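**Q** Build me a model from this:
(chains A, B and C)
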Amino acid sequence: MSDNKKAVEDVLDKLVQSYSGPEEINNLETYALPNRRAIIEAFGHIQHLLFLGYFTTGHLSANKLRESLAEHMVPATEILSEQIHRANNWKNSHLDDKSKPRCNVVALQLLSQLPEIRSKLNDDIVAAFRNDPAAESVEEVVFSYPGIIAITAYRVAHVLYHLGVPMLPRILTEYAHGKTGIDIHPGAKIGDRFFIDHGTSTVIGSTCVIGNDVKLYQGVTLGALSIRGDVSRKRGDVVQRHPTLEDHVTVYAGTTILGGDTVIGEGATIGGNVWITKSVEPGKKVFYRVNGTQT
Amino acid sequence: MSDNKKAVEDVLDKLVQSYSGPEEINNLETYALPNRRAIIEAFGHIQHLLFLGYFTTGHLSANKLRESLAEHMVPATEILSEQIHRANNWKNSHLDDKSKPRCNVVALQLLSQLPEIRSKLNDDIVAAFRNDPAAESVEEVVFSYPGIIAITAYRVAHVLYHLGVPMLPRILTEYAHGKTGIDIHPGAKIGDRFFIDHGTSTVIGSTCVIGNDVKLYQGVTLGALSIRGDVSRKRGDVVQRHPTLEDHVTVYAGTTILGGDTVIGEGATIGGNVWITKSVEPGKKVFYRVNGTQT
Amino acid sequence: MSDNKKAVEDVLDKLVQSYSGPEEINNLETYALPNRRAIIEAFGHIQHLLFLGYFTTGHLSANKLRESLAEHMVPATEILSEQIHRANNWKNSHLDDKSKPRCNVVALQLLSQLPEIRSKLNDDIVAAFRNDPAAESVEEVVFSYPGIIAITAYRVAHVLYHLGVPMLPRILTEYAHGKTGIDIHPGAKIGDRFFIDHGTSTVIGSTCVIGNDVKLYQGVTLGALSIRGDVSRKRGDVVQRHPTLEDHVTVYAGTTILGGDTVIGEGATIGGNVWITKSVEPGKKVFYRVNGTQT
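**A** Model (predicted):
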């Protein structure tokens, strides 16, 4: 055996050996977990179903509509059913012994809610167009605004989350996070006509409650004030660890708002780079001293 | 019909029905809009034309140069012509009835400016190498600095923007935004030897005016102070809503500078995490009190 | 010759001409540089070697383990050897005349350290699960947390960096930066059980020293206070330009900590949006006045 071949075999031996310990990442049964790439593929079909004209380049017409939608609905249903099955199987074998859920039914429940999601997304898109003077058309907003990708993934993931599907919702929103820098947890509650401008580095925590007509800019954190550990993991009795933003609130770039008891009142405006851990009354404007200290 | 097949048909019916309302996203004629993937493909060819040695792995030599460039120029011209045609057609049918522009000519006008863009990008790259002590070589800067991707997309999009091409410029800069977290609007005016270090979450608004030898770090916002709505949408009479940074200005991480009347004077240094809505005199240094309040 | 063909030829002439000047980006020998796509492909194989169960979808079992690992180790070794060879050749021809390093040996040295890297990553993953109440399982952390991608790329790149391989380490960490918005320089020293939550726009400079059990949130900058230029480029005599964070330090969103003399003492907590350029004593909590100024 050549020196090089022996060196390769030695490294392989060490690697094999490293899988024999009790570490969590050594679990080989994880091959049966949901597959990230398949979930993203299903989301691609859902984007076609939501915005058919924007994702298709061939000629479309009203009488071809049903056929064109079916082309995406069939694979979306199949992939989602399989991935929901993987997610449920994995969770059940680890946590409890409930019978295998009817995964195809759950996939169809998601898809049957797409019309409502479409209506909400249309309102989000029109709100972006109306709020941003730099937007030249609704079409430009759909094609190029990262906030729309993030909100689309969130609105789909939020439905899956409330259907009780494990893992898939977070994989979807983290996919959008990677694409856009906007991190919205699937558990957050978000109202209508929601607008995130630019959005890179904006984070919306899992127990946030956001009203209607709210605008956020880039670098805004809606986070937890401290870590309360296992308490908040209990289902059905979730502690609100993240803030509430009432209707018509605007938060400028780089501001951090923390805590489940923190309520930003209706119509309040929060300037950029502010650190907030207490409630703000409705209609107030909150800023730091302008321009720092000049020397 | 099986229960499952019926359920699928029911969902399809609801989806088809959801396209019958007046919502903006129901427009099926959007299939004729520019195609994002094609535009990104054209940008890939432009990157080869700009940095041939860096994007090619096979042997290159001076006498093969013209041939190697032609391999990218021909598809770049074809794709751009088609996408400019789609963008103009769409805009004209919606806004006015001007005759169809000669799209091939516009594509060639962009490509004929690549030598000037190359010269500007070379200066940007050398500025990054000189300003960052962590940079080990010019080659490392070209290969791995996200600021270079963002500035390249901006410099190309800015030319398209001034050639009057709709939609394509923003799709290009938002593509770079997704890749790098750096969001530069194609309309911004940016001088020579521009350096953005790290850059994630940095935003440069559409009416910014930036001088020569300016350095920005990550999380810097050059934004609008308030939304003035339709006023600023008028072409030819654009109101400056975003700040001016004169020559040799440096802005550290996480700072927000807002407003069209805000001018950061020549040679000023703005520290990190500052909120600025008024002008700063030339040569000044602006910081917040260091280290906050300790408890 | 048609007008259009002539126009194309004219543009090509200008482009060819633009490559004849002294500008750095005109170097055609750069075709022999390392190839970014190949390096990312090798990193994909390394991710399989590190987390086999999570990246494979087919059935895995203990007796197939060696074979499954070999499937990724062989191409990882081949690609890395070639790319290390390219990187060394390029550096040697530009900087000095040392003999060609044995690149295959260097690639195997990296791979032989994967078991230690696996052990560290397992600790990082368990720390993320324990610190984040929104995390529902270790598996969810591996699949969806961007911090894990960034730390994985960093831990691999850090080993390559100390093996003296040029360019490849930075290409790896900038790849992760693009995917996650988290920018960790390969040269930084980072201890055990390191947790970055959300992480977009977080930057860790090349001479940072970070202890054990440190937690960072999004938008945190650990940067240099000023640029000292060529001094810090000297190998073997590197000046520390970036801060030190001792064990059990937590830094909340949007905070900037600068300077090589700045030490954040053991167990200190730094609130969000703070600007720090001086040391903080162990155990201290540092915040700005809460809620700014209300008007």
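**Q** How about the residues of the stretch 1-150 of chain A by chain C?
**A** Residues of the stretch 1-150 of chain A that fall close to chain C, judged by CB under 8 Å from any CB of the partner chain: A:4, A:7-8, A:10-12, A:14-19, A:21, A:23-31, A:33-36, A:90, A:94. (Each C-beta comes from the backbone N, C-alpha and C, glycine too.)
**Q** Generate a ChimeraX selection restricted to the buried subset of those residues.
**A** The ChimeraX command for the buried members of those (criterion: 16 or more other CB atoms under 10 Å in any protein chain shown) is given here:
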select /A:7,8,11,12,15,16,18,19,23,24,25,26,27,28,30,31,33,34,35,36,90
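**Q** quick one: which of the residues of the stretch 1-150 of chain A next to chain C sit in helices?
**A** Counting by DSSP state H, these place A:4, A:7-8, A:10-12, A:14-18, A:36, A:90, A:94 in helices.
**Q** from the residues you listed, which is closest to residue A:239?
**A** Set against residue A:239, the nearest of those by CB to CB is residue A:94 (23.7 Å).
**Q** Domain boundaries for chain A, per the record?
**A** For chain A, automatic domain parsing gives the domain ranges A:30-182, A:188-226+A:235-295.
**Q** what's the spacing between the shortest one and its chain's center?
**A** Read it as domain A:188-226+A:235-295. 17 Å (CA atoms, centre = their mean, to the nearest Å).
**Q** can you pull the contacts of residue A:210?
**A** A:188-191, A:194, A:204, A:222, A:244-245 (CB atoms under 8 Å, 6 or more residues apart in numbering or on different chains).
**Q** I'd like the distance between it and chain C.
**A** 16 Å (CB to the nearest CB, to the nearest Å).
**Q** which residues in the stretch 51-200 of chain A form helices?
**A** A:52-55, A:65-95, A:103-112, A:114-131, A:138-144, A:146-162, A:168-180 (DSSP state H, counting those that start in this stretch).
**Q** Identify the farthest-apart pair in the ones in helices among the residues of the stretch 1-150 of chain A next to chain C.
**A** Most distant of those, by CB to CB, are A:4 and A:94, 42.5 Å apart.
**Q** sorry, back to before: possible to save the helices of the stretch 51-200 of chain A as a markdown table with mean pLDDT and distance to residue A:283?
**A** Listed next are these as a markdown table, based on pLDDT from 0 to 100; distance: least, CB to CB, whole Å:
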| stretch | mean pLDDT | distance to residue A:283 |
| --- | --- | --- |
| helix A:52-55 | 90 | 38 |
| helix A:65-95 | 88 | 44 |
| helix A:103-112 | 94 | 39 |
| helix A:114-131 | 96 | 19 |
| helix A:138-144 | 90 | 29 |
| helix A:146-162 | 97 | 25 |
| helix A:168-180 | 97 | 31 |
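**Q** Please dump these into JSON lines; it should also carry distance to chain B for every row.
**A** Below are these laid out as JSON lines (distance: least, CB to the nearest CB, whole Å):
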{"stretch": "helix A:52-55", "distance to chain B": "3"}
{"stretch": "helix A:65-95", "distance to chain B": "5"}
{"stretch": "helix A:103-112", "distance to chain B": "5"}
{"stretch": "helix A:114-131", "distance to chain B": "4"}
{"stretch": "helix A:138-144", "distance to chain B": "4"}
{"stretch": "helix A:146-162", "distance to chain B": "6"}
{"stretch": "helix A:168-180", "distance to chain B": "6"}
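**Q** For residue A:134, grab the count of nearby residues.
**A** For residue A:134, the number of neighbouring residues by other CB atoms under 10 Å in any protein chain shown comes to 18.
**Q** repeat for residue A:67
**A** 10.
**Q** Show me the shaky parts of the stretch 151-295 of chain A.
**A** By pLDDT under 70, the low-scoring segments of the stretch 151-295 of chain A are A:226-237, A:289-295.
**Q** so how far is chain C from residue A:222?
**A** Applying CB to the nearest CB to residue A:222 and chain C gives a distance of 10 Å.
**Q** Which among the helices of the stretch 51-200 of chain A is found nearest to residue B:81?
**A** Across these, residue B:81 has its closest neighbour in helix A:138-144 (19.3 Å, CB to CB).
**Q** can I get the CA coordinates of the closest one in CSV?
**A** Extracted in CSV, the C-alpha atoms of helix A:138-144 (Å, rounded to 0.1, in the frame of the first residue of the first chain):
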residue,chain,number,x,y,z
VAL,A,138,-46.3,46.8,-8.2
GLU,A,139,-44.5,44.4,-10.6
GLU,A,140,-41.1,45.7,-9.5
VAL,A,141,-42.1,45.1,-5.9
VAL,A,142,-43.0,41.4,-6.6
PHE,A,143,-39.9,40.8,-8.6
SER,A,144,-37.2,42.5,-6.5
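**Q** which ones are touching the one residue sitting closest to the centre of chain A?
**A** Geometric centre of chain A, nearest residue: residue A:173, 2.7 Å, by CA atoms, centre = their mean. By CB under 8 Å, 6+ apart, the contact set of residue A:173 is A:150, A:153-154, A:157, A:183-186.
**Q** Cool, thanks, signing off.
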